[in-house]
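Colleague: give me a 3D structure for the following:
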Amino acid sequence: MWDYITERVTKEGKYIVETGTTVRAAALYFNISKSTVHKDVTERLKYIDKALYKEVRAVLNRNLSERHIRGGIATKNKYLGKPL
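Modeller: You can find the predicted model right below:
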């Protein structure tokens, strides 16, 4: 794998673990597409750093389990006229 890809994947993984952020937020932070971030942290990272991959996977699983709650809160705030 190219060096710049390896470096990017590692940075993305560390950022997600440190902040507990979503794939979308990480993509916005690194100014790349969410598809790229998702592919990096779910497919490429396991071949680069297995331990970091497991930590990232735990964060992504937690985000997945909380997704429906975040959606409900966003909808509620939308109809109450509150900013996101």
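Colleague: middle-most residue in the chain, spatially?
Modeller: When Cα atoms, centre = their mean is applied to the chain, the residue found nearest the centroid is V23 (2.5 Å).
Colleague: for N63, which non-adjacent residue is spatially closest?
Modeller: Counting by Cβ to Cβ, 6 or more residues apart in numbering, N63 lies nearest to T22, which is 5.2 Å off, once chain neighbours are set aside. In this view, the C-beta of every residue, glycine as well, is placed from N, C-alpha and C.
Colleague: show me where the protein has its helices.
Modeller: Using DSSP state H, the helices found in the chain span residues 3-19, 23-30, 34-39, 45-48, 50-80.
Colleague: so what does the shortest one touch, helix or strand wise?
Modeller: When contacts are defined as 3 or more Cβ pairs under 8 Å, 6 or more residues apart in numbering; DSSP states H and E, helix 45-48 packs onto helix 3-19, helix 50-80.
Colleague: change it to 6 Å
Modeller: If you count contacts as 3 or more Cβ pairs under 6 Å, 6 or more residues apart in numbering; DSSP states H and E, helix 45-48 packs onto helix 3-19.
Colleague: how far does the helix it packs on sit from its chain's centre?
Modeller: Mean-position distance between helix 3-19 and its chain equals 10 Å (Cα atoms, centre = their mean, to the nearest Å).
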